[in-house]
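Peer 1: dropping the sequence and predicted coords here.
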Amino acid sequence: MPIDDAFPEGFKPIGKINNADGNFHFVWGPGRANAESSTNENVKAAYSKRGEKQEPLGISGTTVAVDWDSCVADGACIEACPVQVFQWYRTEKDIPAIKAIGETFEGTGSSVKDERKDHTDKADPIREHDCIWCMACVSVCPPQAIKVDQSNQEYHEKEAGMFVKMESGSANPHAHD
């Protein structure tokens, strides 16, 4: 199921994933049980093999949002992205996805489609701040688990306490008589 057009309305940050360069992105919840990844046979088998519980995870990122509950670790987004916004998070830190929240990543994980650890791995928009808004990832994602929306930057800034509303004075300096 595609990410709601109104995302991130109705969601709240449940944590963030930090990049060692000082940038970060929020993980928004609540997550969804019974989403695409929970019914995908490859994903279920990978969790079983690891002995890990598959649990609702939420949406990683704001302007480049990946619904980790829908992500089936296909890797099409990683392959399509011309600026390497995504990495397989488990190729840097091989921990359950729920434990990635609050972690700091160097951004050294793999950005190669076929290098995921297994189908429990998730494409993480670790460099969402580098997105060029080409929408290539959105167009190739089989479960439609990605939403790219530059206007969501306001939600990120508000949650981070960095939002500044730009207002002009009473007269528009660019208006012409």
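Peer 2: Arrived safely.
Peer 1: and residue 46, how many neighbours?
Peer 2: Each residue near residue 46 was counted by other C-beta atoms under 10 Å, and the total is 20. For every residue, glycine as well, the C-beta is placed using N, CA and C.
Peer 1: before we move on, what about residue 109?
Peer 2: Neighbour tally, residue 109, other C-beta under 10 Å: 23.
Peer 1: contact partners for residue 20?
Peer 2: With contacts defined as C-beta atoms under 8 Å, 6 or more residues apart in numbering, the neighbours of residue 20 are 104-107.
Peer 1: buried ones among those?
Peer 2: 105, 107 (16 or more other C-beta atoms under 10 Å).
Peer 1: pLDDT added to the contacts of residue 20, as JSON lines?
Peer 2: Rendered in JSON lines, the data for the contacts of residue 20 read as follows (pLDDT from 0 to 100):
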{"residue": "104", "pLDDT": "98"}
{"residue": "105", "pLDDT": "97"}
{"residue": "106", "pLDDT": "97"}
{"residue": "107", "pLDDT": "95"}
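Peer 1: so where's this structure shaky on pLDDT?
Peer 2: Under the criterion pLDDT under 70, the flagged ranges of the chain are 163, 166-177.
Peer 1: could you point out which element follows the lengthiest strand in it?
Peer 2: With secondary structure taken from DSSP state E, the chain has its longest strand at strand 12-19. With elements assigned by DSSP states H and E, the helix or strand that comes after strand 12-19 is strand 24-29.
Peer 1: parallel or antiparallel, list what pairs with that next one.
Peer 2: Partners of strand 24-29 in the sheet, by DSSP bridges, are strand 12-19 (antiparallel), strand 59-60 (antiparallel).
Peer 1: any chance you could map the helices in the protein?
Peer 2: Along the chain, the segments classed as helices by DSSP state H run 36-39, 41-50, 76-80, 97-100, 136-140, 153-160.
Peer 1: closest one to residue 114 among those helices?
Peer 2: Taking C-beta to C-beta, helix 76-80 is the member of those nearest to residue 114, at 8.7 Å.
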